[in-house]
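Asks: sequence and predicted structure, then a few things I'm wondering about:
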Amino acid sequence: MIEIVKKYLRIDGSEDDEVLALLIESAEEELEESGIPEERKKERRYELAVMLYVTLFYENRDPSIQIDKLNTAYQSLILKLKSYKR
């Protein structure tokens with residue numbers, strides 16, 4: 001997962017790998033606590049939700065800044081992952 005996140009964020013090198021790993025784990029915990037079922041982890045939308053979460057916290061390290069478009073997309077994915085039945 002870390003490699004796809006690095007491609008998404010256009011990060012070369014490995015100096016931020018520890019931070020990215022922490023953010024990925026935090027995203028997965030956040031999704032679990034939001035009620036996303038375990039079986040959804042294999043879906044592309046789940047991966048996208050993780051990438052959006054990582055982007056929100058990696059690129060916006062000042063907690064007072066609100067990035068509404070990314071946050072809205074992230075919240076929309078959570079709702080779809082929680083409610084959509086295959």
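Replies: Perfect, I can see it now.
Asks: use CA for all of it now, contacts and neighbours both
Replies: OK.
Asks: and residue 52, what element?
Replies: Using DSSP states H and E, residue 52 sits in helix 44-59.
Asks: can you mark which positions in that helix are buried?
Replies: Under the neighbour-count criterion of 16 or more other C-alpha atoms under 10 Å, helix 44-59 has 45-56 buried.
Asks: ditto for stretch 28-46
Replies: Using 16+ other C-alpha under 10 Å, the residues of stretch 28-46 that count as buried are 28, 31, 36, 41, 45-46.
Asks: farthest-separated two in these?
Replies: 28 and 45 (12.6 Å; C-alpha to C-alpha).
Asks: ok, the residue positioned nearest the centre of the chain to residue 7 distance?
Replies: Centroid check for the chain by C-alpha atoms, centre = their mean gives residue 50 as the closest residue, at 2.0 Å. Counting by C-alpha to C-alpha, to the nearest Å, the gap between residue 50 and residue 7 amounts to 13 Å.
Asks: okay, now the residue nearest to residue 49 when sequence neighbours are not counted: neighbour count?
Replies: With C-alpha to C-alpha, 6 or more residues apart in numbering as the measure, residue 74 is the residue that lies nearest to residue 49, at 5.7 Å, once sequence neighbours are left out. Counted with other C-alpha atoms under 10 Å, the burial measure for residue 74 works out to 19 neighbours.
Asks: which residues does residue 74 contact?
Replies: With C-alpha atoms under 8 Å, 6 or more residues apart in numbering as the criterion, the residues that contact residue 74 are 49, 52-53.
Asks: from the residues you listed, which single one is nearest residue 82?
Replies: When the contacts of residue 74 are ranked by distance to residue 82 (C-alpha to C-alpha), residue 49 comes first, at 12.0 Å.
Asks: what sits against the closest one?
Replies: Listed by C-alpha under 8 Å, 6+ apart, the contact partners of residue 49 are 27, 74, 77-78.
Asks: pLDDT below threshold where in this structure?
Replies: Confidence mapping of the chain against pLDDT under 70 gives the ranges 62-70, 84-86.
Asks: helices along the chain, start to end?
Replies: 2-9, 17-33, 44-59, 68-83 (DSSP state H).
Asks: and the gap between the nearest residue to the residue nearest to the centre of the chain once chain neighbours are set aside and residue 20?
Replies: The shortest distance from residue 50 to any residue that is not its chain neighbour, by C-alpha to C-alpha, 6+ apart, is 5.4 Å, and that residue is residue 27. As defined by C-alpha to C-alpha, residue 27 lies at a distance of 10 Å from residue 20.
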